[in-house]
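Q: let's see this in three dimensions:
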Amino acid sequence: MRTRSYKTEGIILHRVNLGEADRMLTILTKHMGKMRCIAKGVRKPTSRKSASVELFNRTSLFLIKGRNLDLLTQSETIENFPQLRTSLKAAKAAYHVAELVSLLTAENQENAKAYASLSVILRTINDQGHATRGQIADFEKELLIELGFGSPKQKSYAALTQFIESIIERRLKSVQIFRDV
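A: Prediction:
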């Protein structure tokens, strides 16, 4: 008999409100790659899952297979990176790396290196309270190489941004991350 429930570890990349109390989550998981799931009732004030499925949290997830999207039944925070919620510079950098990972990774394709890289950069941003342009550029280059896209021929940050935007075929929403830094 095939089991319908499973457990995985993941980092919350994106969330969209559904209805009055639900959310659709985009998660980069350690063993299954990027996936989407539904978290029923997570926006209710009495929800026990709401704190563990906040953006950028590293979370242990218990899910049930669904027809289209899996359903989150339980979650437990592993690492919550509190500085990403209190520092504007840290939050901007975290949104940028989460956007990159979300746009560049394919659904349901395991990539443990991308997961590890994301964990490391979020921890770095959290510990420092911000990220330098060089740290973000190093993360972007590493991610591009891990995902098989290679790297741009020119070594400038502008060339790196253009290279990423040519891959995703649109402008990054977080492209102005270092304008005020």
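Q: for the protein, which segments count as helices?
A: Secondary structure of the chain (DSSP state H): helices located at 83-86, 88-104, 112-128, 133-146, 157-168.
Q: give the buried residues for the shortest one.
A: Of the residues in helix 83-86, those buried under the neighbour-count criterion (16 or more other Cβ atoms under 10 Å) are Gln83, Leu84. (Each C-beta comes from the backbone N, C-alpha and C, glycine too.)
Q: rewinding a little: same list (the helices of the chain) but as TSV, adding distance to Thr29 and mean pLDDT.
A: Output for these, formatted as TSV (distance: least, Cβ to Cβ, whole Å; pLDDT from 0 to 100):
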stretch	distance to Thr29	mean pLDDT
helix 83-86	19	90
helix 88-104	12	92
helix 112-128	7	94
helix 133-146	15	91
helix 157-168	21	86
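Q: CSV for those helices, including distance to Leu25?
A: Rendered in CSV, the data for the helices of the chain read as follows (distance: least, Cβ to Cβ, whole Å):
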stretch, distance to Leu25
helix 83-86, 17
helix 88-104, 11
helix 112-128, 15
helix 133-146, 21
helix 157-168, 21
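Q: out of those, which is the most enclosed?
A: Most buried of those, by mean neighbour count (mean count of other Cβ atoms under 10 Å): helix 88-104, with a mean of 20.
Q: for it, give me every contacting residue.
A: 11, 13-14, 26, 28, 34, 55-56, 81, 83-85, 114, 118, 121-122, 125-126, 128-131, 136, 139-140, 143-144, 147, 149, 164, 167-168, 172-174, 177, 181 (Cβ atoms under 8 Å, 6 or more residues apart in numbering).
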